[in-house]
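K.L.:
got a sequence here, can you model it:
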Amino acid sequence: MGVGAAFATYLRGGHGTARLMADVLRRRGLPVVARELGFSDEEFVGAVGFAPETRPGRYTILEHLALSPSDIGTAYAAYVTAVAGRPGRPV
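P.N.:
Numbering: from 1, shown residues only. Sure, this is the predicted structure:
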């Protein structure tokens, strides 16, 4: 999922790279944020929080950061702001 990859890149501190990924996804007509997938922000945050349980034993940025649901929500809101509002590129 492109949205998940771009958000994970954002979490790793690759804010510029996440914006570039979002631009590429957008140019291909692919979703960049949860609502473009038909999910609410809250549903996306819940899915991100649950994601580590789907692949036990695999260490990812989610385990490394040990984000609370509130922290995920805050990070996701910052991601949406970072990839939205680009001139000529509606979200």
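
K.L.:
okay, CA-based contacts and neighbour counts for the rest of this
P.N.:
OK.

K.L.:
worst-scoring helix or strand of the chain, pLDDT-wise?
P.N.:
helix 61-65 (a mean of 83; mean pLDDT, DSSP states H and E).

K.L.:
what helices or strands is the following helix or strand past that helix leaning on?
P.N.:
For helix 61-65, the succeeding helix or strand toward the C-terminus, using DSSP states H and E, is helix 69-83. On a contact count with 3 or more Cα pairs under 8 Å, 6 or more residues apart in numbering; DSSP states H and E, helix 69-83 meets helix 2-11, helix 15-27, helix 41-54.

K.L.:
turn the ones you listed into CSV, columns for mean neighbour count and distance to A66.
P.N.:
Shown next, in CSV, are these (neighbours: other Cα atoms under 10 Å; distance: least, Cα to Cα, whole Å):
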stretch, mean neighbour count, distance to A66
helix 2-11, 19, 11
helix 15-27, 17, 19
helix 41-54, 15, 9
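
K.L.:
dump those into a markdown table; add distance to I72 as well.
P.N.:
Putting the helices and strands packed on helix 69-83 into a markdown table (distance: least, Cα to Cα, whole Å) gives the following:
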| stretch | distance to I72 |
| --- | --- |
| helix 2-11 | 9 |
| helix 15-27 | 15 |
| helix 41-54 | 6 |
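
K.L.:
which of those sits closest to A34?
P.N.:
The minimum distance between A34 and those falls on helix 41-54, with 6.1 Å, by Cα to Cα.

K.L.:
and that closest one with helix 69-83, angle?
P.N.:
In terms of direction (axes from the mean of the first three to the mean of the last three Cα atoms, to 10 degrees), helix 41-54 departs from helix 69-83 by 120 degrees.

K.L.:
where does pLDDT dip in this protein?
P.N.:
Segments of the chain classed as low confidence (criterion: pLDDT under 70) are 85-91.

K.L.:
now the farthest one out in it, which residue is it?
P.N.:
Seen from the C-alpha centroid of the chain, the residue lying at the greatest distance (Cα atoms, centre = their mean) is G57, 21.8 Å away.
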